[in-house]
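Colleague: Predicted structure and sequence below. I'll ask about it afterward.
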Amino acid sequence: MSNLSIEVEGKKYEIKATEKSNSWGNGLKLAIYSSNKELINSISYMCHPEFENYEVFQQKSFSELQAIAMSKLATDMATNKYKQACSNGLELVLPINKN
């Protein structure tokens, strides 16, 4: 597990990244905490064979996947879809190997 942080729209969040692989591909889960340590939500980013560069992403290390996922998270957290999922208590599972 890795402890990270990110700032989105002027708010700071703590992120705990854990490895989460499934039968179809490697991935990780990012648990997102507010500045007062409350769990807000989590997002899993998974390699999926339906999307481009599957084999390339399958070969990446946890650290490499983590860096890619954190970059995607910064973008995803600013979207209305993410905010709607959080308000409805849904955990998102998104492909890491899709642009």
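Modeller: That came through, no problem. Residues are numbered from 1 along each chain as shown.

Colleague: What residues of the worst-scoring helix or strand of the chain on mean pLDDT count as buried?
Modeller: Every helix and strand of the chain was ranked by mean pLDDT, DSSP states H and E. The lowest is helix 80-87, at a mean of 74. Of the residues in helix 80-87, 82, 85, 86 count as buried by neighbour count, 16 or more other C-beta atoms under 10 Å. Where you see a C-beta, it was placed from the backbone N, CA and C, and this is true even at glycine.

Colleague: and if you look at stretch 56-71?
Modeller: Per 16+ other C-beta under 10 Å, stretch 56-71 contains these buried residues: 57, 60, 65, 66, 68, 69, 70.

Colleague: Other residues contacting the longest helix seen in the chain?
Modeller: Taking DSSP state H as the criterion, the chain has its longest helix at helix 62-76. Identification of contacts with helix 62-76 by C-beta atoms under 8 Å, 6 or more residues apart in numbering yields 2, 4, 6, 8, 15, 17, 19, 26-28, 30, 32, 43, 45, 47, 57, 60, 82, 92, 94, 96.

Colleague: do stretch 79-86 as well
Modeller: 40, 41, 43, 76, 91, 92.

Colleague: Which parts of this protein are strands?
Modeller: 2-8, 11-19, 27-33, 39-46, 92-95 (DSSP state E).

Colleague: Strand partners (parallel or antiparallel) of the longest one?
Modeller: In the sheet containing strand 11-19, the strands it pairs with under DSSP bridges are strand 2-8 (antiparallel), strand 27-33 (antiparallel).

Colleague: Throw those into JSON lines and include mean pLDDT, mean neighbour count and distance to residue 52, thanks.
Modeller: Converted to JSON lines, the strands paired with strand 11-19 look like this (pLDDT from 0 to 100; neighbours: other C-beta atoms under 10 Å; distance: least, C-beta to C-beta, whole Å):
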{"stretch": "strand 2-8", "mean pLDDT": "89", "mean neighbour count": "13", "distance to residue 52": "26"}
{"stretch": "strand 27-33", "mean pLDDT": "93", "mean neighbour count": "20", "distance to residue 52": "16"}
